[in-house]
Structures are given as structure tokens and as C-alpha cells.
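Undergrad: here you go, sequence then predicted model.
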Amino acid sequence: MRIMGLDFGSKTVGVAISDALLITAQGIDIIRRKDENKLRQTLAAIEALIVEYEVAEIVLGLPKNMNDTAGERVEKTLAFKEMLERRTGLTVHTWDERLTTVAADKAMIEAGIRREHRKEHVDKIAAVFILQGYLDYRANKEN
């Protein structure tokens, strides 16, 4: 069993997968979205990864505002969550993703990745931070 982490955005979806022991998260893909309002291809790509990696649950980043309010992106994310649950039959958890993109950018700066290359990877790394946060929470909850 593995868990998938998703950083859902208007143009891309960053994807991360846990290891089989549910200890670590690894970034595996960035799904490019052609149109923000058309999700069929995005969902099909996610479904293919679910089958390939034998995913049992999904963690979806929830983009709350810094003051803990829900804006338009939260509404779109929750609608996407419902679509994912209907289409895949899997449980989809939401996880507060505030500052994950900032943390991902900082990690890439520290790794020496040039500015022009960071944009290519930020969503995948943000998905790793989302999933790793959930995995750590889950492990601590069980102890």
C-alpha cells in the first residue's frame, strides 16, 4: 500500500508517492493542465499513477489563506477532491499546504538549483512536503 500526495494548481498538479512502509515521500511527476476547467486528462493521468504505484489513499493539499480562511482555490480544490473520490473510489484526505511552495523553493535554493529551473520542479516538491507532513502526522498519531 502506498499513499499519493497531490499539489493541485490551476496549471499543474505535483505528484508524490510514499514508500511501501509509509515513511518517506518521493516526488514522481508534474501533470501539466491544458485548461483549468477541464479535468478529464488530469484525472486520467492520476488514475494511471494510482494503478502503477498501487495507491490506497490520496492526500490533497488544501490551499488555505494565511489567516486560515478559505478562498476560491479552496473551493476548487474541494470540488476536485470530490471528483477524485468518485472517480477512483479512494479516500482523499486534505492537508493544509500553507507555505509548502515556499518551503519547496527554499529547499531548491539550498540545493543550488538555478532560478530558471526551480519553476519546473516546485509543484512536485510541494507535493512531497504535503505528503511527508501527512505521513509524519500519521506515524505520530499511531504512537
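TA: Arrived safely. If you're wondering where the values come from, they're calculated on a predicted model, not measured in any experiment.

Undergrad: so what's Ile130 up against?
TA: For Ile130, the contact set (Cβ atoms under 8 Å, 6 or more residues apart in numbering) comprises Gly5, Leu6, Asp7, Ala16, Val59, Leu60, Gly61, Trp95, Glu97, Thr100. Placement of C-beta: from N, CA and C, glycine included.

Undergrad: try 7 Å this time
TA: If a contact means Cβ atoms under 7 Å, 6 or more residues apart in numbering, then Ile130 has Gly5, Asp7, Val59, Gly61, Trp95, Glu97, Thr100 as its contacts.

Undergrad: cool, and Ile23?
TA: The neighbourhood of Ile23, defined by Cβ under 7 Å, 6+ apart, consists of Leu135.

Undergrad: just the terminal-to-terminal distance for stretch 86-94.
TA: End-to-end distance for stretch 86-94, by Cα to Cα, to the nearest Å: 15 Å.

Undergrad: that should have said stretch 20-34, apologies.
TA: With Cα to Cα as the measure, stretch 20-34 spans 32 Å from end to end.

Undergrad: now do the buried residues in that stretch.
TA: For stretch 20-34, a neighbour-count test (16 or more other Cβ atoms under 10 Å) marks Leu22, Ala25, Gly27, Ile28, Asp29, Ile30, Ile31, Arg33 as buried.

Undergrad: now those as a markdown table including pLDDT?
TA: Below are the buried residues of stretch 20-34 laid out as a markdown table (pLDDT from 0 to 100):
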| residue | pLDDT |
| --- | --- |
| Leu22 | 96 |
| Ala25 | 96 |
| Gly27 | 93 |
| Ile28 | 95 |
| Asp29 | 93 |
| Ile30 | 92 |
| Ile31 | 95 |
| Arg33 | 88 |
